[in-house]
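K.L.:
sequence and computational prediction follow.
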Amino acid sequence: MFSQPLLTKLRNAESIVAFTGAGMSAESGVPTFRGDQGIWKKFKPEELANFDAFMRNPELVWEWYKARKQIIAAIQPNPGHYALAAMEKHFKHVSIITQNIDNLHRRAGSSTVHELHGNIERNYCIGCGKHYTNEEIFQQDHVPHCPVCNGLIRPDVVWFGELLPDEEWNNSVTAAEHADVFFSIGTSGVVYPAASLPLMAKLSGAYVVEINLEPTDLSQKVNEVILGKSGDVLPQLLLVVKNN
Ligand code: BJW
Ligand code: ZN
């Protein structure tokens, strides 16, 4: 499953980056966005995942997020998450750059996680910026409001048309530029600017490996494509790294 060039790169690598998307968490039971089973088959992004939609219909958007918060709170990291966390024993630097908002990398034990699209466990008031936990917002019915300024509270995630958090983005670019081996895992690679990171890494000299169930637009541009489930491929990769 793993090529000789990849094994050689891994033997000499100091810095490993894993860039992950919804497919990484699919085996934990989090639905992906696109494709036949994707969330966007049932819900329209323009009605749910942008700020104007939220202001137009906060009830609907909150109903969707409260349901997803409950799903995510009830699931566990899968063997792929744990394999990435265990890579920290074998390389000097391991960074996770994730588009996922489900917090599963941290829960699996990864210590350096850059969250490009936010985190569903956090919320903040659009009036005063105060942060609220899920526990606090679940105490309120329907649409949660800020007890301090009565502003609308929103989930701390990045919607279409919104800027990515500065520090997370800058740290991700730095990690991509310093990666010896860069894995793009379980992402369709269609949402920018996140989707530019694998190519940034490649331009900076990284060996770029895509792990996905199926080929994507990125596949032609990377050094190597491994077709399979991340929850199968990553534990096997960890075994190879241990014995390499
Ligand atoms: C497996 C597997 C297994 C399955 N093993 N693999 C025109 C108008 C307006 C904006 C734009 C525009 N053109 C471009 C833009 C910019 C826009 C964009 O890129 N849009 C494109 C879709 C066209 N980007 C933005 O708006 C970003 N901000 C920005 O650019 O700011 C500057 C700006 C300001 C003002 C105006 C314009 C620009 C922000 C993007 C925010 C994305 N937010 C979401 C929602 C997060 C919150 C939430 O979850 O509720 O982030 S959208 C959604 O897509 C989510 C994901 O992180 C993101 C990426 O999806 P991902 O992870 O790749 O999932 P899928 O489902 O697409 O793919 C899963 C893959 O896994 C598949 O390939 C499967 O095969 C595979 N798979 N099981 C391995 N077991
Ligand atoms: Zn407030």
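P.N.:
Sure, I can see it. Numbering: from 1, shown residues only. Ligands and ions are numbered 1, 2, ... in the order given.
K.L.:
put the alpha carbons of stretch 131-147 into PDB.
P.N.:
In PDB, the C-alpha atoms belonging to stretch 131-147 read as follows (Å, rounded to 0.1, in the frame of the first residue of the first chain):
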ATOM      1  CA  HIS A 131     -17.900  33.100  24.600                       C
ATOM      2  CA  TYR A 132     -20.400  30.500  25.800                       C
ATOM      3  CA  THR A 133     -20.100  26.700  26.300                       C
ATOM      4  CA  ASN A 134     -22.600  24.300  24.700                       C
ATOM      5  CA  GLU A 135     -23.900  23.600  28.200                       C
ATOM      6  CA  GLU A 136     -24.800  27.200  28.600                       C
ATOM      7  CA  ILE A 137     -26.500  27.600  25.300                       C
ATOM      8  CA  PHE A 138     -28.500  24.300  25.700                       C
ATOM      9  CA  GLN A 139     -30.000  25.800  28.900                       C
ATOM     10  CA  GLN A 140     -31.800  28.300  26.700                       C
ATOM     11  CA  ASP A 141     -34.700  27.300  24.500                       C
ATOM     12  CA  HIS A 142     -34.600  27.900  20.700                       C
ATOM     13  CA  VAL A 143     -32.300  30.800  19.800                       C
ATOM     14  CA  PRO A 144     -29.700  31.500  22.600                       C
ATOM     15  CA  HIS A 145     -29.200  35.200  23.600                       C
ATOM     16  CA  CYS A 146     -26.300  36.800  25.500                       C
ATOM     17  CA  PRO A 147     -27.200  37.400  29.200                       C
END
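K.L.:
any part of that stretch near ligand 2?
P.N.:
Yes. Contact of stretch 131-147 with ligand 2 (CB under 5 Å from the ion) involves residue 146. C-beta here means a position set from N, CA and C on the backbone, and glycine is covered the same way.
K.L.:
may I see the buried residues of that stretch?
P.N.:
Buried residues in stretch 131-147, counted by 16 or more other CB atoms under 10 Å: 132, 134, 137, 143, 144, 145, 146.
K.L.:
pick the one among those closest to residue 218.
P.N.:
Nearest to residue 218 among those, counting by CB to CB, is residue 134 at 33.3 Å.
K.L.:
buried residues, stretch 224-243. List them.
P.N.:
224-226, 229-235, 237-238, 241.
K.L.:
name the nearest of those residues relative to residue 155.
P.N.:
residue 230 (25.0 Å).
K.L.:
and the nearest residue to residue 164 once chain neighbours are set aside, what does it touch?
P.N.:
Closest residue in space to residue 164, ignoring its immediate chain neighbours: residue 116 at 5.3 Å, by CB to CB, 6 or more residues apart in numbering. By CB atoms under 8 Å, 6 or more residues apart in numbering, the contact set of residue 116 is 97, 98, 99, 158, 164, 165, 168, 169, 172, 194.
K.L.:
what residues does the helix or strand of the chain with the lowest mean pLDDT touch?
P.N.:
Lowest by mean pLDDT, DSSP states H and E among the helices and strands of the chain is helix 45-48, with a mean of 79. Residues from elsewhere that reach helix 45-48 (CB under 8 Å, 6+ apart): 53, 57, 60, 61, 64, 160.
K.L.:
pLDDT at residue 133, what is it?
P.N.:
Note on residue 133: pLDDT of 97.
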